[in-house]
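Asks: Sequence and predicted structure below; questions after.
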Amino acid sequence: MDRVKVGVLISGRGSNLQALIDAAAAPDYPAEIALVISNIPEVYGLERARAAGIETATLPHNNYPDRATFEQALAHALREAGCEIVCLAGFMRVLGGAFVAQWPNRMLNVHPSLLPSFKGLHTQRKALEAGVTLAGCSVHIVTPDLDDGPILAQAAVPVLPGDTEDSLSARILEQEHRIYPAALAWLASGQVRIEGRRAILDNADRQPEALVMPPV
Ligand code: GRF
């Protein structure tokens with residue numbers, strides 16, 4: 001089986017990266033992680049990649065005169081490694097339209113909220129402040145607008161009495177690790193069609209696993 005090459009961009013601990021690495025270890029997984037790039041030196045996610053024998057690169061954004069030059073370097077590294085899909089996994093830089101346009105409908109992000117609620121940073125805090133009773137996470141196609149773009153998978157979790165940002169984040173993160181590998185597999189195996197703002201999964205059999213709320 002020809003597996004689609006994926007580049008993963010990280011800025012930190014890389015637990016979502018690990019979920020993708022673990023999923024890609026299955027022989028029938030349709031994607032392989034060809035390159036992991038961090039914009040922050042020496043983050044734990046880079047160690048995870050090395051431990052899995054994956055090529056890594058560190059491109060500190062501060063080393064570049066402007067965003068465009070940084071993004072050109074990122075794009076160059078991804079292209080050199082043959083990456084046809086790009087996954088953002090805790091990558092803490094906003095990417096410009098010129099970069100995003102190079103992987104049209106081929107770039108994914110995981111965000112710790114039920115989009116379109118709570119875009120941007122501090123999502124769990126915003127959810128607690130808003131008093132919502134359900135929180136969750138989303139995997140979406142990256143467009144030039146922050147945390148926007150067609151949604152491929154979501155999972156909901158309850159907000160429980162006494163929750164803190166940390167406890168809610170941990171509950172959500174567990175679900176991120178579940179839906180991100182599923183969504184990447186759908187994209188890599190050509191099951192995703194984009195119609196307007198919507199992502200449509202051609203193989204409906206696999207859709208429910210990411211939509212069902214986990215047991216409380
Ligand atoms: C996750 O909560 C992800 O949704 C957000 O940043 C965090 C990254 O965590 N975009 P990790 O580095 O994957 O552990």
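Replies: Right, received. Where do you want to start?
Asks: All the strands of this protein, residue numbers only.
Replies: 4-10, 31-38, 55-58, 85-88, 107-111, 134-141, 151-158, 192-195, 198-201 (DSSP state E).
Asks: Now tabulate those strands in JSON lines and tack on mean pLDDT.
Replies: Output for the strands of the chain, formatted as JSON lines (pLDDT from 0 to 100):
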{"stretch": "strand 4-10", "mean pLDDT": "98"}
{"stretch": "strand 31-38", "mean pLDDT": "98"}
{"stretch": "strand 55-58", "mean pLDDT": "98"}
{"stretch": "strand 85-88", "mean pLDDT": "98"}
{"stretch": "strand 107-111", "mean pLDDT": "98"}
{"stretch": "strand 134-141", "mean pLDDT": "96"}
{"stretch": "strand 151-158", "mean pLDDT": "93"}
{"stretch": "strand 192-195", "mean pLDDT": "92"}
{"stretch": "strand 198-201", "mean pLDDT": "90"}
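Asks: Out of these, the one nearest the ligand is which?
Replies: Closest to the ligand of those is strand 107-111 (Cβ to the nearest ligand atom; 4.5 Å). C-beta coordinates here come from the backbone N, C-alpha and C atoms, glycine included.
Asks: Can you pull the residues of this protein lying near the ligand?
Replies: 12-16, 45, 89-90, 110-112, 173, 176 (Cβ under 6 Å from any ligand atom).
Asks: can you list the strands of the chain in TSV and add mean neighbour count?
Replies: As requested, the strands of the chain are exported to TSV (neighbours: other Cβ atoms under 10 Å):
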stretch	mean neighbour count
strand 4-10	25
strand 31-38	23
strand 55-58	16
strand 85-88	24
strand 107-111	25
strand 134-141	24
strand 151-158	21
strand 192-195	14
strand 198-201	16
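Asks: V110 against R178, yeah?
Replies: No - taking contacts as Cβ atoms under 8 Å, V110 lies outside contact range of R178: 10.7 Å.
Asks: Without its sequence neighbours, what residue ends up closest to R197?
Replies: Take R197 and drop its neighbours on the chain: the residue closest to it by Cβ to Cβ, 6 or more residues apart in numbering is P150, 5.9 Å away.
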